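Asks: no sequence for this one, just the structure:
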Ligand SMILES: Nc1ncnc2c1ncn2[C@@H]1O[C@H](COP(=O)(O)OP(=O)(O)OP(=O)(O)O)[C@@H](O)[C@H]1O
């Protein structure tokens, strides 16, 4: 079972807000402009907020996340993180994908320290922080293990530590638990909520699962069918802490219904 409790001190700098104004993107196909992927997305993510991005398959959720991450450039519109325009990737934004992108030739400890080392920022303070983070994610005993020696959930937790060591103001997560079995997935959702309750970083979380969005999000931004625009942003007023067991309650079922209504309209 992959459950761990977050115990360490905050590991992120001030949470950053994300401001998107009329963001547009069309990918070209064989040098010809294709169909727009994003058709004017406007959204504000508040500092410290847990925002879920939900929409039909292919509507442009990953494209939007990649634009905020700085991996993809928008054609037009405004993209600000912490008030600064995004001009490329940066360690102020931690990105977690469905497959944890650990280097297979490095141990857990080396993977966690890779970012600070690569940019010449490997100070004693960072090492201490990395130690604390390994405790937080429950991998202190797996410090010298290689990724192939870790379970799926452990790899995800190592990827968390690897990203959090950079003290990102925003965590960008693209269906991170989509490939996990149901039990590990529920454990990772619980782990993520505990981590977020403690560290209060801003999280933008892409999912196509209504239940996951209602369980995790302060708000759920529903994107329209391709090309994506912002269809609606729904407040999820369920009390926290939330747990998977709450998903059967009437309040939770109503929250899911509200999301579904927006998705289907
Ligand atoms: N690098 C790329 N080159 C060309 N087209 C792309 C590229 N990336 C995405 N697209 C297109 O942009 C559209 C949106 O894709 P995107 O992956 O952002 O959607 P999504 O909502 O994340 O989908 P899913 O839920 O299925 O993962 C799709 O039509 C896709 O084919």
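Replies: Great, that's in hand. In this text the structure is predicted, and so the values were computed from the model without any measurement. Numbers count the residues shown, from 1 in each chain.

Asks: Could you point out which residue ranges in the protein have low pLDDT?
Replies: Flagging of the chain using pLDDT under 70 yields the residue ranges 1-13, 31, 33.

Asks: all strands for it, in order.
Replies: Using DSSP state E, the strands of the chain run over residues 18-29, 32-45, 50-54, 76-81, 84-85, 93-96, 170-174, 202-207, 219-223, 230-235.

Asks: Quick one: those strands as CSV, columns for distance to residue 141 too.
Replies: The C-beta positions use only the backbone N, C-alpha and C, and glycine is treated the same way. Below are the strands of the chain laid out as CSV (distance: least, C-beta to C-beta, whole Å):
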stretch, distance to residue 141
strand 18-29, 36
strand 32-45, 36
strand 50-54, 29
strand 76-81, 35
strand 84-85, 39
strand 93-96, 22
strand 170-174, 25
strand 202-207, 27
strand 219-223, 37
strand 230-235, 41
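
Asks: Let's have those in CSV, adding distance to the ligand.
Replies: Shown next, in CSV, are the strands of the chain (distance: least, C-beta to the nearest ligand atom, whole Å):
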stretch, distance to the ligand
strand 18-29, 3
strand 32-45, 4
strand 50-54, 9
strand 76-81, 15
strand 84-85, 21
strand 93-96, 14
strand 170-174, 7
strand 202-207, 7
strand 219-223, 7
strand 230-235, 13
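
Asks: how about a markdown table for the ones you listed, with distance to residue 261 and mean neighbour count added?
Replies: Shown next, in a markdown table, are those (distance: least, C-beta to C-beta, whole Å; neighbours: other C-beta atoms under 10 Å):
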| stretch | distance to residue 261 | mean neighbour count |
| --- | --- | --- |
| strand 18-29 | 24 | 17 |
| strand 32-45 | 20 | 17 |
| strand 50-54 | 13 | 25 |
| strand 76-81 | 28 | 17 |
| strand 84-85 | 35 | 10 |
| strand 93-96 | 29 | 23 |
| strand 170-174 | 25 | 24 |
| strand 202-207 | 17 | 24 |
| strand 219-223 | 10 | 24 |
| strand 230-235 | 9 | 16 |
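
Asks: now for these, which one comes closest to residue 162?
Replies: strand 93-96 (8.5 Å; C-beta to C-beta).

Asks: elements contacting that closest one?
Replies: helix 61-69, helix 152-164, strand 170-174 (3 or more C-beta pairs under 8 Å, 6 or more residues apart in numbering; DSSP states H and E).

Asks: sorry, back to before: of all the strands of the chain, which lies closest to residue 163?
Replies: Of all those, strand 93-96 sits nearest to residue 163, with 3.4 Å by C-beta to C-beta.

Asks: Pairing partners for that closest one, with directions?
Replies: strand 170-174 (parallel) (DSSP bridges).

Asks: what's in contact with the strand it pairs with?
Replies: Applying C-beta atoms under 8 Å, 6 or more residues apart in numbering, the external contacts of strand 170-174 come out as 15-16, 18, 45, 61-62, 65, 68-69, 81-82, 92-98, 163, 201-206.
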